[in-house]
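Visitor: Provided below for reference: sequence and predicted model.
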Amino acid sequence: MHSSLSLKPTFQVAHSLSSRTPNWIPPPAQVNSCARHTFPAFSIRSQMGSTESLADSLKIKEWEVGMLQNEVATSQGIRIRRRPPTGPPLHYVGPFEFRLQNEGNTPRNILEEIIWHKDTEVTQMKEKMPLSVLKKALENAPATRDFIGSLRVANERTGLPGLIAEVKKASPSRGVLREDFDPVEIARAYEKGGAACLSVLTDEKYFKGSFENLELIRKAGVKCPLLCKEFIVDAWQLYYARIKGADAVLLIAAVLPDLDITYMIKICKILGLTALVEVHDENEFDRVLGIEGIQLIGINNRNLGTFEVDISNTKQLLEGERGRIVRDKDIIVVGESGLFTPDDIAYVHDAGCKAVLVGESIVKQSDPGKGISNLFGKDISLQV
Ligand SMILES: O=P(O)(O)OC[C@@H](O)[C@@H](O)c1c[nH]c2ccccc12
């Protein structure tokens, strides 16, 4: 199930990720989807005439590596391209910019649009906050909490799926869900209402979330472990999530090739983060089931490309052989999206989900804590 590429990520090097702008040229045989984190430092100064042509060459090289990433992804059935196909090297000023307006550079769907935007956003953030700075901050970061343990305990306590309650202000498909949005108040209400864990949207542009929300909730003393709900395209984001208070992160199989997932899971382990790996279809599920060390898989009932929601997706994917593998490996499956009623919860529970991830139906309630009781059809708070 693994990528046909033979290169294994070089974790020692990867662990010291630096700014994205490379100071090397990757040797062609080693180009892989983790390329920009793993290449050794090759100086190209000797091959280049002026500083200007050096800078241009580096940008073009980086763009080429991005294109290769797209090819690796396509070979695994991933339709989301990491970058615009004929896009400019990052920060390139010049004729490349015109290409942005070309038709070929129109994202195919909303997920692709989000990913292209995220790629640029992360590049800029990395420049402001290189990994060395994040690593320093890690020294003072409080320990992470046991995300999976919390889901298991809740599942055993209530006899129903453990709840990951989502602090979600808006989404591209549903617009603004709640105008009077106080993230800490909502988080506290969820905790009181019996949520096992919380999910905090951090994407600003499309979901009106923020890392500030994550940090505020963590610092407010909420005990539920926190999932950083972000579109992760670069291992740098794992470090960033960790210092902002995350206990878990989301890895989306529709976006990340197998090697990236494998590599990121290892970094998560080093950082004490739990990885929730999200799938939507059979191909993604099979890929993820073939990756070593996966403990938590989310089945998204929403197709992030089209926004269509169908909760029978969870049931279909867990039927037969895949469900058997999940049980054998003791993987916790999270039913995600589009859950509104006690029947919906019972449906995905029967399908094999020991946990659920819910946003809209509870965040919209005037008291999100009571929203949880309505959703589960009973009070699942610890007070009971
Ligand atoms: O609001 P809902 O339909 O209950 O869905 C929550 C959650 O599953 C959804 O927000 C989600 C699942 N996977 C994602 C990936 C990115 C952004 C959002 C999501």
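Guide: Right, received. Where do you want to start? Predicted, not measured: the structure shown is a model, and the values here were computed from it.
Visitor: which positions in the protein make contact with the ligand?
Guide: Those residues of the chain that sit near the ligand, judged by Cβ under 6 Å from any ligand atom, are 166, 168, 229, 278, 300, 336-339, 357-361. C-beta: built from backbone N, CA, C; applies to glycine.
Visitor: select from those every entry located in helices.
Guide: 360-361 (DSSP state H).
Visitor: would you confirm that residue 248 contacts residue 228?
Guide: Yes - between residue 248 and residue 228 there is a contact under Cβ atoms under 8 Å: 7.0 Å.
Visitor: OK, contacts around the residue of the chain found nearest the ligand?
Guide: Minimum separation of the chain from the ligand (Cβ to the nearest ligand atom) falls at residue 359, amounting to 2.9 Å. Residues in contact with residue 359 (Cβ atoms under 8 Å, 6 or more residues apart in numbering) are 165-166, 168, 171, 177, 199, 337.
Visitor: can you give the contact residues for the helix or strand hosting residue 154?
Guide: In the assignment (DSSP states H and E), residue 154 maps to helix 147-158. Here helix 147-158 makes contact (Cβ under 8 Å, 6+ apart) with 161-164, 194, 196-197, 224-225, 227, 247-248, 274, 276, 295-296, 332, 334, 354-355, 376, 380.
Visitor: for that helix, C-alpha coordinates in PDB please.
Guide: The C-alpha coordinates for helix 147-158 follow below in PDB (Å, rounded to 0.1, in the frame of the first residue of the first chain):
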ATOM      1  CA  PHE A 147      -6.600  12.300  23.200                       C
ATOM      2  CA  ILE A 148      -7.400   8.600  22.400                       C
ATOM      3  CA  GLY A 149      -7.500   7.700  26.100                       C
ATOM      4  CA  SER A 150     -10.200  10.300  26.700                       C
ATOM      5  CA  LEU A 151     -12.300   9.000  23.800                       C
ATOM      6  CA  ARG A 152     -12.000   5.400  25.100                       C
ATOM      7  CA  VAL A 153     -13.000   6.400  28.600                       C
ATOM      8  CA  ALA A 154     -16.000   8.300  27.400                       C
ATOM      9  CA  ASN A 155     -17.100   5.400  25.200                       C
ATOM     10  CA  GLU A 156     -16.900   3.000  28.100                       C
ATOM     11  CA  ARG A 157     -18.600   5.400  30.500                       C
ATOM     12  CA  THR A 158     -21.600   6.300  28.300                       C
END
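Visitor: could you shift the numbering so residue one becomes 698, and keep it that way?
Guide: Sure, I'll start numbering at 698, so the last one becomes helix 844-855.
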